[in-house]
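Chemist: Quick one, structure for this:
(one chain, ligands or ions: 1)
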Amino acid sequence: MSAGPGGRPTAAAEPFDAARVAADLQRRVGVRTERDAPLAPHTTMRVGGPADLLLTVHNAFELRAALRFARARGIPHLVLGRGSDVVVADAGVRGLVILVRADGLDVAGERVTAEAGVQMARIATRSQGAGLTGLEFALAIPGSIGGAVWANAGAHDGEIAGVLAWADVVGPDGMETRLAASDLAFGYRDSRLKHPAPGVPPDIVVAAAFGLASDEPAAIRARLEEIKAWRRAHQPLGIPSAGSVFRNPPGDSAGRLIDAAGLKGRRVGGAVVSERHANWILNDQKGTATDVRMLADLVAATVRDRLGVDLVPEVEFLGDWPEPWASGGLDR
Ligand SMILES: Cc1cc2nc3c(=O)[nH]c(=O)nc-3n(C[C@H](O)[C@H](O)[C@H](O)COP(=O)(O)OP(=O)(O)OC[C@H]3O[C@@H](n4cnc5c(N)ncnc54)[C@H](O)[C@@H]3O)c2cc1C
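Modeler: Reported below is the predicted structural model:
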């Protein structure tokens, strides 16, 4: 078994030998890796320990080759985009972490094609420059194309499902398939990529294409400016966070519930519930992953006790968590 649900590494058939995997990756795929590499700088929450082995891939070819390599050998591995929807455990991640920086971007007619590591903000501005509308919402999302397809990321009345033409994914066996949007079972912040079969490595996006429409660049720019202004006015930007921590329950807003439960400003160590947007946990005082998770648990338990609603995390807690989280914790 090489990776568990959500891509979290699980016990490999053999112990993970970082030195050997590093040497094999260099010889067979031609890429360099880093041992015991801190992951906090690669996440927007800025917490978490090291990866046993970190591989940064700079193009789709390297991403495909690294996935095939790991999957053919049952090597535990996990893919990270911009780390804007995850909280990495303080003990870090065992096995190989593949950091996706494949950033090829191409515009042809009304179609924009991007490798998985392209930043959402970049595809928004590039589309605007080409006079194409449909991806303005991407400006607001600090993730990569791969992470955005995984999450069906969305904002400001747009979401990936509304514009995706296809995604090329590498499957558990290392083979690549082109999936149409209709194959991805998109839902509210959800896709089929989030639900691999138990014990099976998840599909990984290598590239995606978006079908857009022509519009005046100035009109598109005005919409981008509106999104920027809205974000500045309503969100605590510039402080480490992972955006919204919990999913909105049907017909309600997690932020409204957390506020109603009196939790704004609640703190555990260096992590605090934002005063500006109650569904955001900020790491405003160099907190740890444990601070963040304990605070998320406290928020969920308080909302359950006071308002009778079970909040479900939107962020992913990745890596080597201690008990009680290792065996399921409060929410997993
Ligand atoms: C300040 C802030 C604001 C935010 N606002 C929004 C918002 O408005 N709307 C919204 O939807 N989200 C928002 N988010 C959340 C986040 O940006 C999105 O979910 C984003 O799509 C995650 O992409 P990522 O590259 O950072 O993924 P990561 O955090 O790196 O990874 C998240 C998951 O995706 C998987 N993954 C990463 N790359 C791939 C790939 N190539 N193929 C398959 N799986 C992959 C990882 O294995 C992991 O399980 C916000 C986050 C922050 C910090």
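Chemist: I'd assumed Thr43 was in contact with Val88.
Modeler: Yes - using Cβ atoms under 8 Å, Val88 is in contact with Thr43, at 5.8 Å. C-betas here are computed from N, CA, C, even on glycine.
Chemist: Which of these two has more residues huddled nearby?
Modeler: Higher neighbour count among Val88 and Thr43: Val88, with 31 against 22, using other Cβ atoms under 10 Å.
Chemist: all strands of the stretch 51-200 of the chain, in order?
Modeler: Counting by DSSP state E, counting those that start in this stretch, the stretch 51-200 of the chain has strands at residues 77-80, 86-88, 93-100, 105-108, 111-115, 132-133, 154-155, 158-159, 164-170, 176-180.
Chemist: what's the second one packed up against?
Modeler: So that's strand 86-88. Applying 3 or more Cβ pairs under 8 Å, 6 or more residues apart in numbering; DSSP states H and E, we find strand 86-88 packed against helix 289-307, strand 316-318.
Chemist: who does it pair up with?
Modeler: strand 316-318 (parallel) (DSSP bridges).
Chemist: Run the contact check for the partner strand versus the ligand.
Modeler: Yes - counting by Cβ under 6 Å from any ligand atom, the ligand is contacted by strand 316-318 at Glu316.
Chemist: Can you get me a residue count around the closest residue to Asp310 other than its chain neighbours?
Modeler: Using Cβ to Cβ, 6 or more residues apart in numbering and skipping residues adjacent in sequence, the residue nearest Asp310 is Arg304, 5.8 Å away. The number of residues packed near Arg304 is 14, by other Cβ under 10 Å.
Chemist: hmm, back to that, would you turn the helices and strands packed on strand 86-88 into a markdown table with mean pLDDT?
Modeler: As requested, the helices and strands packed on strand 86-88 are exported to a markdown table (pLDDT from 0 to 100):
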| stretch | mean pLDDT |
| --- | --- |
| helix 289-307 | 98 |
| strand 316-318 | 97 |
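Chemist: Can you say which of the ones you listed is packed in most?
Modeler: Of all those, strand 316-318 has the most neighbours on average by mean count of other Cβ atoms under 10 Å, namely a mean of 22.
Chemist: Figure out how far that one is from the centre of its chain.
Modeler: How far strand 316-318 lies from its chain's middle: 9 Å, per Cα atoms, centre = their mean, to the nearest Å.
Chemist: that older thread, export the helices and strands packed on strand 86-88 to JSON lines and tack on distance to Ala261?
Modeler: Below are the helices and strands packed on strand 86-88 laid out as JSON lines (distance: least, Cβ to Cβ, whole Å):
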{"stretch": "helix 289-307", "distance to Ala261": "5"}
{"stretch": "strand 316-318", "distance to Ala261": "21"}
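Chemist: just to revisit the earlier point, right, and the residue nearest to Asp310 touches Val312 too?
Modeler: No - between Arg304 and Val312 there is no contact under Cβ under 8 Å: 11.3 Å.
Chemist: what does the stretch 1-150 of the chain put close to the ligand?
Modeler: With the criterion set to Cβ under 6 Å from any ligand atom, the stretch 1-150 of the chain comes near the ligand through 6-7, 44, 78-86, 100, 116, 140-144, 146-148, 150.
Chemist: change it to 5 Å
Modeler: Residues of the stretch 1-150 of the chain lying close to the ligand (Cβ under 5 Å from any ligand atom) are 7, 44, 79-86, 116, 140-144, 146-148, 150.
Chemist: out of the residues you listed, which are inside helices?
Modeler: 146-148, 150 (DSSP state H).
Chemist: If we only consider those residues, which is nearest to Pro240?
Modeler: For those, the residue nearest Pro240 by Cβ to Cβ is Gly147; the value is 17.0 Å.
Chemist: Could you give the number of residues near the closest one?
Modeler: For Gly147, the tally of surrounding residues (other Cβ under 10 Å) stands at 26.
Chemist: Now for the nearest residue to it once chain neighbours are set aside: which residues touch it?
Modeler: Of all residues not flanking Gly147 in the chain, Gly81 sits nearest, at 3.6 Å (Cβ to Cβ, 6+ apart). Residues in contact with Gly81 (Cβ atoms under 8 Å, 6 or more residues apart in numbering) are 100, 116-117, 143-147.
Chemist: Check the nearest residue to Leu63 once chain neighbours are set aside and give its pLDDT.
Modeler: Nearest in space to Leu63, with sequence neighbours left out and distances taken as Cβ to Cβ, 6+ apart, is Val57 at 4.5 Å. We have a pLDDT of 98 for Val57.
Chemist: Tell me how many other residues surround Val57.
Modeler: Counted by other Cβ under 10 Å, the residues lying close to Val57 total 24.
Chemist: What of Ala161?
Modeler: The local packing of Ala161 (other Cβ under 10 Å) involves 19 other residues.
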